[in-house]
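Q: Following is a predicted model, sequence given first.
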Amino acid sequence: MKVLRTAATFYPHVTGPAYQAYKISEGLEERGHESPIVTTNVIPKEEEPGYPPEMDKGESFPFDIIRRKPLFSIDQYRMPPQALYDYFSESPDVIHCHGYQNAIKDAFYLGNLINSKPFVIHGHGSFSKENDPTLQRSLQFKLYDKLWYRTVERADAIVVSSEQERQDAISFGIDEGKLWSIPVGKEASVYTSIPRNPPEDQLRILFVGRLAPRRNVELLLEAIAELERTDLELRIVGGEGTLSNSSRGSYTNELKNIVDEKGMKDSVTFTGPKYGDELIKEYRESHIFVNPTHYENFGQANLEAAFAGLPLIATPTGVAPDLIKESETGYIFEGKADLVTYIQEFLENRSKVAYMGENISALAKRKFAWESIIDQYCTMYREII
């Protein structure tokens, strides 16, 4: 079986969709299938290059990568016409496109009109943004829907990664019969290869993610300021993001201004983006993970934290409800008062950190191992073929 995969960008530009495309293609190749990736040659200048944590940077990817230069770009919509050639020349059994608002997917859709192949669209949170108060479907998005919604109608399968994303897809008008709920996976060994070593004299809270308004990190800062504890530390890992269709200026600067105004410089650290072992070390040297985001279609950082053995305090979005069993692996919260209470609880009872950490790590290994996830993809491909 040959599954031709598309992605708007790929490593060394680090994104969630790139990680999933990498792991699925790798898993298929290990099982004797072919799964090349067609992508653009775009690497945003503001991004630091990175690679999957499972991959030795000296190694090559275990599948072919076809990089095409975009003829034109509108915001993050980059159209490489040569991708249409790849549709026909690669002769795949299945087309799997990562992302709905994706120019390569659109090129492949045009090819599919001429020579129909089983066609999969992987949502990655791109169908409905109604639950994200920081992002509105602008005229640009609405125009895109009018032009390209038919790609969803023509698709043989639509992949979503969480119940949150499944509901978004249904509200977007996608036929439930086409939906396949297949989660993101992780390699457990990667997140235990570095020793667990959080500080003994402080409770270290970790947040990881591209910094954009939907992340709602200001709520976490306000909760920490309200606690007024010297034995509490927050590390914010991530660079400025482009997750919001917002005209606001630098969100990172907004957060740093809050830290200055509340006199929290000694307890809050902005590390910038981190990748590979440096990122895993951040997880393994923290006590708990807090994600105050307004909206998450999946939330890979939540899953990474779980594999690394960090209890979660998170809003009920994305994969969080699947990972959080109340008082066993963490807490779901919806407002600042609850957030303050739960952080206080970990401050006063450190034994809960170890107890919940072990529970959530075991749960993650049981439900989100790549081996079983690749099984689900193989089943889907065979069924639509």
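A: Looks like it arrived, so ask away.
Q: What ranges in this protein fall below the confidence cut-off?
A: 45-48, 57-58, 128-138, 242-249 (pLDDT under 70).
Q: first to last residue in stretch 226-240, what's the distance?
A: 26 Å (Cα to Cα, to the nearest Å).
Q: which residues sit in contact with residue 320?
A: Counting by Cβ atoms under 8 Å, 6 or more residues apart in numbering, residue 320 touches 291, 296, 299, 302, 312, 314, 332. In this view, the C-beta of every residue, glycine as well, is placed from N, C-alpha and C.
Q: Is it correct that the fourth one is in contact with residue 319?
A: Yes. Using Cβ atoms under 8 Å as the test, residue 302 is close enough to residue 319 to be in contact (5.5 Å).
Q: Need the residues touching each of these two.
A: residue 296.
Q: picking up where we left off before, relative to residue 14, which of the contacts of residue 320 is nearest.
A: residue 299 (15.9 Å; Cβ to Cβ).
Q: For the closest one, give its distance to residue 188.
A: 18 Å (Cβ to Cβ, to the nearest Å).
Q: which one of these two has more residues nearby?
A: Comparing residue 299 with residue 188 by other Cβ atoms under 10 Å, the one with more neighbours is residue 299, at 28 against 17.
Q: From the structure, what's the count of residues near the spatially closest residue to the more buried one that is not a sequence neighbour?
A: Among residues not flanking residue 299 along the chain, residue 318 sits closest, at 3.5 Å (Cβ to Cβ, 6 or more residues apart in numbering). Neighbour count for residue 318, taken as other Cβ under 10 Å: 27.
Q: Could you verify that residue 255 is part of a strand?
A: No. If the criterion is DSSP: H, G, I helix; E, B strand; the rest coil, then residue 255 is helix and not within a strand.
Q: Can you verify my assumption that it contacts residue 216?
A: No. Here residue 255 lies out of contact with residue 216, judged by Cβ under 8 Å, at a distance of 10.5 Å.
Q: ok, the two, which is more surrounded?
A: Higher neighbour count among residue 255 and residue 216: residue 255, with 19 against 16, using other Cβ under 10 Å.
Q: From residue 9, how far out is the closest residue to residue 10 other than its chain neighbours?
A: Distance criterion Cβ to Cβ, 6+ apart; nearest residue to residue 10, sequence neighbours excluded, is residue 39 at 4.1 Å. As for residue 39, its distance to residue 9 is 6 Å (criterion: Cβ to Cβ).
Q: Equivalent analysis for residue 107, please.
A: 15 Å.
Q: And for residue 147?
A: 21 Å.
Q: more crowded one of the two?
A: residue 9 (24 against 10).
Q: you'd agree residue 286 is up against residue 206?
A: Yes. Assessed by Cβ under 8 Å, residue 286 is found in contact with residue 206 at 3.8 Å.
Q: Return every residue with contacts to both of these two.
A: By Cβ under 8 Å, 6+ apart, the residues touching both residue 286 and residue 206 are 235, 310.
Q: Which one of these two is surrounded by more residues?
A: residue 286 (28 against 25).
Q: Pretty sure residue 5 sits in a strand.
A: Yes. Judged by three-state DSSP, residue 5 forms part of a strand.
Q: Pairing partners for it in the sheet, please.
A: residue 37, residue 96 (DSSP bridges).
Q: what's the residue lying closest to residue 232 once chain neighbours are set aside in contact with, if anything?
A: If the residues on either side of it in the chain are set aside, residue 232 comes closest to residue 203, at 5.4 Å by Cβ to Cβ, 6+ apart. Contact analysis of residue 203 by Cβ under 8 Å, 6+ apart lists 229, 231, 232, 233, 287, 288, 343, 346, 347, 350, 353.
Q: so how far is the helix or strand harbouring the last one off the chain centroid?
A: When secondary structure is defined by DSSP states H and E, residue 353 falls within helix 351-367. On the basis of Cα atoms, centre = their mean, to the nearest Å, the separation between the geometric centre of helix 351-367 and that of its chain is 21 Å.
Q: ditto for stretch 323-336
A: Centre-to-centre, stretch 323-336 and its host chain are 20 Å apart (Cα atoms, centre = their mean).
Q: First-to-last residue distance for that stretch?
A: End-to-end for stretch 323-336, by Cα to Cα: 21 Å.
Q: tell me which residues of that stretch are tucked away?
A: Of the residues in stretch 323-336, 323, 324, 329, 330, 331, 332, 333 count as buried by neighbour count, 16 or more other Cβ atoms under 10 Å.
Q: So what's the residue count around the nearest residue in space to the third one that is not next to it in sequence?
A: With Cβ to Cβ, 6+ apart as the measure, residue 360 is the residue that lies nearest to residue 329, at 3.8 Å, once sequence neighbours are left out. Residue 360 sits with 27 neighbouring residues when counted by other Cβ under 10 Å.
Q: For residue 360, list the residues it contacts.
A: For residue 360, counting by Cβ under 8 Å, 6+ apart, the contacting residues are 306, 309, 310, 311, 312, 323, 324, 329, 330.
Q: doesn't residue 282 make contact with residue 274?
A: Yes. Residue 274 is within contact range of residue 282, at 6.0 Å (criterion: Cβ under 8 Å).
Q: which residues are common contacts for those two?
A: residue 237.
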